[in-house]
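**Q** Give the three-dimensional model of this entry:
(chains A and B)
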Protein chains: 2
Amino acid sequence: MRRVAIIGVGITKFGEHWDKGLRDLTLEAGIKALKDAGIRGEKIDAGYVGNMAGGSFAGQEHIGALLADQMGLNPIPMTRVEAACASGGVALRQGYLAVASGVHDIVVVGGVEKMTDLNTNQVTQILGGAGDQEWELFAGGTFPGLYALMMRRYMYEFKATEEDFAWVAVKNHKHATKVPYAQFPREITIETVMNSKYIAKPIKIFDSSPITDGAAAVVLAPMDIAESYTKKPVEIVASAQASDTLALHDRESLTEIKAARIAGEKAYRQAGITPNHIQVAEVHDCFTIAEVLAIEALGFFPKGQGYKAAKEGWTTHGGKVVVNTSGGLKAAGHPVGATGVKQAVEITLQLRGDAGERQVKDAEYGLTHNVGGSGATAVVHIMKRAF
Amino acid sequence: MRRVAIIGVGITKFGEHWDKGLRDLTLEAGIKALKDAGIRGEKIDAGYVGNMAGGSFAGQEHIGALLADQMGLNPIPMTRVEAACASGGVALRQGYLAVASGVHDIVVVGGVEKMTDLNTNQVTQILGGAGDQEWELFAGGTFPGLYALMMRRYMYEFKATEEDFAWVAVKNHKHATKVPYAQFPREITIETVMNSKYIAKPIKIFDSSPITDGAAAVVLAPMDIAESYTKKPVEIVASAQASDTLALHDRESLTEIKAARIAGEKAYRQAGITPNHIQVAEVHDCFTIAEVLAIEALGFFPKGQGYKAAKEGWTTHGGKVVVNTSGGLKAAGHPVGATGVKQAVEITLQLRGDAGERQVKDAEYGLTHNVGGSGATAVVHIMKRAF
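**A** Below you'll find the predicted structure:
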């Protein structure tokens, strides 16, 4: 297997883009990534794009062809992959495998979702398709509902309080204030979270990531030619994906995302490092409980201790590992198919030293953690500064 | 790149399965393929599944995780890919690349679609997502409508008649009478087709493939271990994918599927053969015009001559190349995400000599041709008997 580098990144502003469709967003992020890589379209050999539900959100499937078409990349093969909210991470992994294996040289990986054209009830129903339609959704189990079960069990097992989780939201909103592409770059207080409405007790609206339009893209190349395009290549030193049961009721535990633990362990092994090497991580905080489960599954903190991290400052600048410098899904926004690719964009900026006011000093290793559904798919990538 | 073999195949009956959901169909095909390969689930390293619109048809996205879960394959990585009606072919290609590159050893590739729970208008609208939502669908361009434009132009350029196309349907229905899994294994006459209703002139209902539930699966392995599982390995000697504009109005020609021509040329080059070597082919006949365009794009017949093939017997048993022994999409049925994988199942059976009454004698090379949308994605695989 060849070494693979990220040689360019691009991202749109995350938010409500009433004036932009799926194609506009995709194009904008893709072109930015090509420009950043200093590469022309005719050098691209193939592409992958993560998108969860273009069919339901916008009546548009066949997103791979759409991206190839809009970027003027025909006739290269361009493939959409879907794994619910992990679609972007899985697309990145397919792109990585294509380059690592020598099948393709230069590969563009995009992620996109256009969600705000529908009302909240419609969006909630569509997102439910990430879970088990027949056993969970049909019985009324929305996504906030499923994560509420996990949060409630976590609070019971480890004596955590709702306020402990609220600190995750406060921390991520604070991070987002330095992020140009974030949807909600505004500080909030513990009171904002605690006084916000329950949407599925104990999850409140401010424990939850928003509904977002947005796209992100990265350009991949074999390491040996990466330096002809960029002075600051970032190497993908590990890529791992794992699956678990689709429905929550079939899991061994409600307080561990097993697929994330397995993917994390595989990734550390592939990279030849331990969790202690990671200085900056983008994890999948679709709800505050999800960030807590993530930092435990990834081995940053022992099981049952993760809920203390945000409050104690362990996961912000100056702490053990800076988690979600982008503001995470919570504050940067969560255009589901784009999220996994956005995470790679943010970590690349950090490892290059291009993260501006939110730069994690001397970051050498970064990690992305992208989850589909309530944990049925998890994808972990580890990146390393390679200059 | 390693040589890759198909070591097992499985398929459900195609039709209206009111008693079976997405998971039942997927499971049935998957388990049949594992049984056929004589392999246990724990040997499987990864999987890909083609599905076009589980979200819109059944409220279920995250089909990769669903398949892993139902087949008891957790925690292996399982990835859904989507390229409209070419989803199955693209999934097969991803599986092929995973094995060829050495990333994985044993890979299962599935394809599934559950379409009959909705009414015809709803299905037509969802299938429209394979085209260009903003430029074609929004303006009222359904899929039959887009292919009608191609058929009309073809008739104008090459002086073909509606009856010429009707022969494609007659031929494929005749083929289907020998196919246990076919949805409509019944002979029809030229009169049946010619007297059937126009759905988008000049396309009649009997020029069109039906709405179908079904699933198909294949198991892939590196050639060097294939023989420990099967005495009749079938090698995938070429895999090629190409893209074209999503919308018809941006194409250079309405009478050529350019992506199919490019994918075909690449595939022949990879296999080191010419179209004349192919004895049996499964091509994407979503409409009768589509089969005519396919056999021209693939080089079986010169441009402007393909319309004569069915009437003259060139594409049935005893002819130059037997096209759609399965009955094609027209008569075997077209569960969109499953179709590309079904094609591989049929060609495998032919090359093994396991195709019963529809066996093409001494077939050594077979080809599958799977198209997404009106031609924005095309995937071509060439298989060879390897025993």
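**Q** which one is the residue of the stretch 101-250 of chain A found nearest chain B nearest to, not counting chain neighbours?
**A** Closest residue of the stretch 101-250 of chain A to chain B, CB to the nearest CB: A:Ser101 (3.0 Å). Any C-beta I mention is one placed from the backbone N, CA and C, and that applies to glycine too. Distances taken as CB to CB, 6 or more residues apart in numbering or on different chains put B:Ser101 closest to A:Ser101, at 3.0 Å, once the chain neighbours are dropped.
**Q** still on that earlier bit, tell me how many other residues surround the residue of the stretch 101-250 of chain A closest to chain B.
**A** 18 (other CB atoms under 10 Å in any protein chain shown).
**Q** what residues are up against it?
**A** Neighbour list for A:Ser101: A:Met1, A:Arg2, B:Leu97, B:Ala100, B:Ser101, B:Gly102, B:Val103 [criterion: CB atoms under 8 Å, 6 or more residues apart in numbering or on different chains].
**Q** Need phi/psi at the spatially most central residue of chain A.
**A** Nearest to the mean C-alpha position of chain A, by CA atoms, centre = their mean, lies A:Gly340 at 3.2 Å. The phi/psi pair for A:Gly340 (degrees, to the nearest 10) reads phi -60, psi -30.
**Q** try A:Pro275
**A** The phi/psi pair for A:Pro275 (degrees, to the nearest 10) is phi -60, psi -30.
**Q** ok, now the one 5 residues further on?
**A** Geometry field for A:Val280 lists phi and psi as phi -140, psi 140, criterion degrees, to the nearest 10.
**Q** And for A:Ile7?
**A** When quoted as degrees, to the nearest 10, the phi and psi of A:Ile7 stand at phi -110, psi -10.
**Q** mind listing what it touches?
**A** Counted by CB under 8 Å, 6+ apart, A:Ile7 has contacts A:Ala37, A:Ile39, A:Val219, A:Leu220, A:Ala221, A:Ala226, A:Tyr229, A:Thr230, A:Pro233.
**Q** Mind checking which of the contacts of A:Ser101 land in helices?
**A** B:Leu97, B:Ala100 (DSSP state H).
**Q** Tell me the one of the contacts of A:Ser101 nearest A:Ala297?
**A** B:Val103 (23.9 Å; CB to CB).
**Q** Name the nearest of the contacts of A:Ser101 relative to B:Tyr181.
**A** B:Leu97 (27.2 Å).
**Q** Count the residues that sit near that closest one.
**A** Neighbour tally, B:Leu97, other CB under 10 Å: 25.
**Q** same thing with the one 5 residues further on?
**A** The local packing count at B:Gly102 equals 14, with neighbours defined by other CB under 10 Å.
**Q** and it, what pLDDT?
**A** Per-residue pLDDT puts B:Gly102 at 91.
**Q** Would you check how far apart it and B:Pro222 are?
**A** Using CB to CB, to the nearest Å, B:Gly102 is found at 8 Å from B:Pro222.
**Q** for A:Pro233, same thing?
**A** Remark: distance between A:Pro233 and B:Pro222 (CB to CB) = 32 Å.
**Q** quick one, which of those two is more surrounded?
**A** Comparing A:Pro233 with B:Pro222 by other CB under 10 Å, the one with more neighbours is A:Pro233, at 23 against 18.
**Q** OK, contacts around that one?
**A** Counting by CB under 8 Å, 6+ apart, A:Pro233 touches A:Ala5, A:Ile6, A:Ile7, A:Met223, A:Ala226, A:Glu227, A:Ala386, A:Phe387.
**Q** Report the contact partners of A:Ala240.
**A** A:Ile262, A:Ala263, A:Gly264, A:Lys266, A:Ala267, A:Gln270, A:Val379, A:Val380, A:His381.
**Q** meant to ask about A:Ala130, not that
**A** Counting by CB under 8 Å, 6+ apart, A:Ala130 has contacts A:Met52, A:Ala84, A:Cys85, A:Phe143, A:Gly372, A:Gly373, A:Ser374, A:Ala376, B:Glu61, B:His62.
**Q** The closest residue to it other than its chain neighbours - how many residues pack around it?
**A** The shortest distance from A:Ala130 to any non-neighbouring residue, by CB to CB, 6+ apart, is to A:Ala84 (3.3 Å). Neighbour count of A:Ala84, defined by other CB under 10 Å: 30.
**Q** hang on, A:Ala84 packs against B:Ala65?
**A** Yes - under the criterion of CB atoms under 8 Å, A:Ala84 is in contact with B:Ala65, at a separation of 7.5 Å.
**Q** shared neighbours of the two, anything?
**A** A:Gly372, A:Gly373, A:Ala376, A:Thr377.
**Q** tally of neighbours for the first one?
**A** Using other CB under 10 Å, A:Gly372 is surrounded by 34 other residues.
**Q** In contact with A:Gly306, which residues?
**A** Shown in contact with A:Gly306 (CB under 8 Å, 6+ apart): A:Glu291, A:Val292, A:Leu293, A:Ala294, A:Ile295, A:Glu296, A:Phe300.
**Q** 10 Å instead, please
**A** Contacts here follow CB atoms under 10 Å, 6 or more residues apart in numbering or on different chains; on that basis A:Gly306 touches A:154, A:158, A:160, A:164, A:168, A:255, A:289, A:291-298, A:300, A:314-315.
**Q** Give me the buried subset of those residues.
**A** For these, a burial check counting by 16 or more other CB atoms under 10 Å in any protein chain shown picks out A:154, A:158, A:160, A:164, A:168, A:255, A:289, A:291-298, A:300, A:314-315.
**Q** hang on, the earlier thing: quick one, what contacts the residue nearest to the centre of chain A?
**A** Applying CB under 10 Å, 6+ apart, we find A:Gly340 in contact with A:50, A:83, A:85-93, A:109, A:111, A:216, A:282, A:284, A:368-372, A:379, A:381.
**Q** Show me the residues you listed that map onto helices.
**A** Applying DSSP H to those, the entries found in helices are A:Ser87, A:Gly88, A:Gly89, A:Val90, A:Ala91, A:Leu92, A:Arg93.
**Q** And A:Ile6, which helix or strand is it part of?
**A** Per DSSP states H and E, A:Ile6 falls inside strand A:4-11.
**Q** got the CA positions of that strand in CSV?
**A** Coordinates of each C-alpha in strand A:4-11 appear next as CSV, following Å, rounded to 0.1, in the frame of the first residue of the first chain:
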residue,chain,number,x,y,z
VAL,A,4,-1.5,8.9,0.9
ALA,A,5,-1.5,12.7,1.4
ILE,A,6,-4.1,15.4,1.6
ILE,A,7,-2.9,18.0,-0.8
GLY,A,8,-5.8,20.4,-0.9
VAL,A,9,-9.0,21.2,1.1
GLY,A,10,-12.1,23.3,0.5
ILE,A,11,-15.3,24.0,2.4
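**Q** Between B:Gly102 and B:Pro222, which contacts overlap?
**A** Shared contacts of B:Gly102 and B:Pro222 (CB under 10 Å, 6+ apart): B:Arg2.
**Q** Mind putting the contacts of A:Ile7 into a markdown table with distance to A:Ala148 and pLDDT?
**A** What follows is the contacts of A:Ile7, written out as a markdown table (distance: CB to CB, whole Å; pLDDT from 0 to 100):
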| residue | distance to A:Ala148 | pLDDT |
| --- | --- | --- |
| A:Ala37 | 42 | 97 |
| A:Ile39 | 45 | 96 |
| A:Val219 | 39 | 98 |
| A:Leu220 | 38 | 98 |
| A:Ala221 | 43 | 98 |
| A:Ala226 | 44 | 97 |
| A:Tyr229 | 46 | 96 |
| A:Thr230 | 44 | 96 |
| A:Pro233 | 42 | 98 |
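**Q** May I see the buried residues of stretch A:237-245?
**A** For stretch A:237-245, by 16+ other CB under 10 Å, it's A:Val237, A:Ala238, A:Ser239, A:Ala240, A:Gln241, A:Ala242, A:Ser243, A:Asp244, A:Thr245.
**Q** Equivalent analysis for stretch A:187-197, please.
**A** By 16+ other CB under 10 Å, the buried positions in stretch A:187-197 come out as A:Ile188, A:Thr192, A:Val193, A:Ser196.
**Q** what's the answer for stretch A:364-372, then?
**A** For stretch A:364-372, a neighbour-count test (16+ other CB under 10 Å) marks A:Tyr365, A:Gly366, A:Leu367, A:Thr368, A:His369, A:Asn370, A:Val371, A:Gly372 as buried.
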